[in-house]
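Novice: Fold the following.
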Amino acid sequence: TLALMCLATPAVATTCEESFQKKGDFFNGAAFSARVQVEGLSIEKAFSQLRPILARESIRTISTDVSTGVMKAENPATAFQRALPIDVFASADGTLLTVEMIFTIPSGVTASRDTVKGYLCGALNQLLPKSK
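Specialist: Residues are numbered from 1 along each chain as shown. Take a look at the predicted model:
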């Protein structure tokens, strides 16, 4: 019966965790990506919500371009690693906003898939639609 109930429900956007992907490897570098879809959220509002969310994780916003839907941020350099880029892309389709974050690491650097998923989705899942 459960399978039939699933078929009857309308298509639901995938969760951030379901959208999470890793491409690349230790030798060539890797990119981790995750995305969410938020109904009734503008690019400008999404970026203004993300700035403090990222800042709480010590991630620095470098630039924001609302017109192109691109926000550049970085995980700051430490004594052990150089700064690592985080790119945010937002695009609206009608009233539905898709926000994708891509975290890139160079070759020779490792990152735990679960840790990165936790950070990316932890930030993206905090995006809220505009209040009525």
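
Novice: what's the single longest helix in the protein?
Specialist: The helix that spans the most residues within the chain, counting by DSSP state H, is helix 43-56.

Novice: What values do phi and psi take at the residue most central in space within the chain?
Specialist: For the chain, the residue whose C-alpha lies nearest the mean C-alpha position (C-alpha atoms, centre = their mean) is residue 101; its distance is 2.8 Å. Phi and psi for residue 101, reported as degrees, to the nearest 10, are phi -120, psi 140.

Novice: Please look at it and residue 87 and confirm they touch.
Specialist: Yes - under the criterion of C-beta atoms under 8 Å, residue 101 makes contact with residue 87 at 7.2 Å. C-betas here are computed from N, CA, C, even on glycine.

Novice: Low-confidence regions, this protein specifically.
Specialist: Counting by pLDDT under 70, the ranges of the chain that qualify are 1-13, 130-132.

Novice: And the helices in it, which stretches?
Specialist: For the chain, the helices defined by DSSP H cover 2-8, 16-19, 43-56, 113-124.

Novice: With distance to residue 97 and mean neighbour count as new columns, can these be given to me in a markdown table?
Specialist: Rendered in a markdown table, the data for those read as follows (distance: least, C-beta to C-beta, whole Å; neighbours: other C-beta atoms under 10 Å):
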| stretch | distance to residue 97 | mean neighbour count |
| --- | --- | --- |
| helix 2-8 | 26 | 7 |
| helix 16-19 | 14 | 16 |
| helix 43-56 | 6 | 17 |
| helix 113-124 | 11 | 18 |
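
Novice: With distance to residue 26 added, can I get the ones you listed in a markdown table?
Specialist: Formatted as a markdown table, the entries for the helices of the chain read as follows, by distance: least, C-beta to C-beta, whole Å:
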| stretch | distance to residue 26 |
| --- | --- |
| helix 2-8 | 38 |
| helix 16-19 | 23 |
| helix 43-56 | 26 |
| helix 113-124 | 12 |
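
Novice: Of all these, which one is nearest residue 67?
Specialist: Shortest distance between residue 67 and those, using C-beta to C-beta, is found for helix 43-56: 8.5 Å.
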